[in-house]
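> Using only what follows, build the 3D model:
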Amino acid sequence: MPYPDGIAFVHGLDLSERFFFDIVKPLLDQYYPLLQYTACCLGPGSDVLRFDSIQSRDHDWGPKFDLFVENEENIDELNSFFNKNLRKKTVCGYSTQFQPYLEENG
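Below is the predicted model of the structure:
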């Protein structure tokens with residue numbers, strides 16, 4: 001079902017899987033072929049358990065992944081690499097950059 005912006009809804013977990021396999025993994029394979037890692041999608045959001053809906057798109061929702069690497073020394077370099085190479089990318093019509101929704105405590 002399309003949202004008012006015309007983009008069809010995709011469950012966040014499916015979106016994240018497409019994001020990783022279509023965009024992130026090819027970059028890792030090309031630029032970091034020897035990097036040992038595990039990728040997944042963790043977090044408190046409804047999308048992680050496939051309970052998300054169209055309304056979920058208004059908070060902490062979008063293509064994402066968590067990457068676990070063997071060597072912590074690579075973390076800053078990888079963060080810079082992803083920040084540079086994932087800008088202005090889209091997956092299924094959704095931007096790969098979104099701002100997390102932060103609740104105020106108290």
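> Where does the prediction get shaky in the protein?
Along the chain, the model assigns pLDDT under 70 to residues 1-5, 98-106.
> biggest helix in it by residues?
Counting residues, the longest helix found in the chain (DSSP state H) is helix 75-85.
> buried residues in it?
Leu78, Phe82 (16 or more other Cβ atoms under 10 Å). Yep, even glycine has a C-beta here, placed from its N, CA and C like the rest.
> mind listing the helices for the protein?
12-19, 25-31, 75-85.
> Mind listing residues that contact the first one?
Translated: helix 12-19. 10, 41, 45-50, 52, 56, 61-65, 91-92, 94, 96 (Cβ atoms under 8 Å, 6 or more residues apart in numbering).
> Any buried residues in that helix, and which?
Buried, per 16+ other Cβ under 10 Å, within helix 12-19: Gly12, Leu13, Leu15, Ser16, Glu17, Phe19.
> Just the CA atoms of stretch 27-40, as PDB, please.
The C-alpha coordinates for stretch 27-40 follow below in PDB (Å, rounded to 0.1, in the frame of the first residue of the first chain):
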ATOM      1  CA  LEU A  27      30.900  -2.100  -1.100                       C
ATOM      2  CA  LEU A  28      32.400  -4.300   1.600                       C
ATOM      3  CA  ASP A  29      33.300  -6.900  -0.900                       C
ATOM      4  CA  GLN A  30      35.000  -4.300  -3.200                       C
ATOM      5  CA  TYR A  31      36.800  -2.200  -0.600                       C
ATOM      6  CA  TYR A  32      37.300  -4.500   2.400                       C
ATOM      7  CA  PRO A  33      37.500  -8.000   0.800                       C
ATOM      8  CA  LEU A  34      39.400  -9.400   3.800                       C
ATOM      9  CA  LEU A  35      37.200  -7.900   6.500                       C
ATOM     10  CA  GLN A  36      35.700 -10.500   8.800                       C
ATOM     11  CA  TYR A  37      32.300  -9.400   9.900                       C
ATOM     12  CA  THR A  38      28.800 -10.400  10.900                       C
ATOM     13  CA  ALA A  39      25.800  -8.300   9.900                       C
ATOM     14  CA  CYS A  40      22.300  -8.200  11.400                       C
END
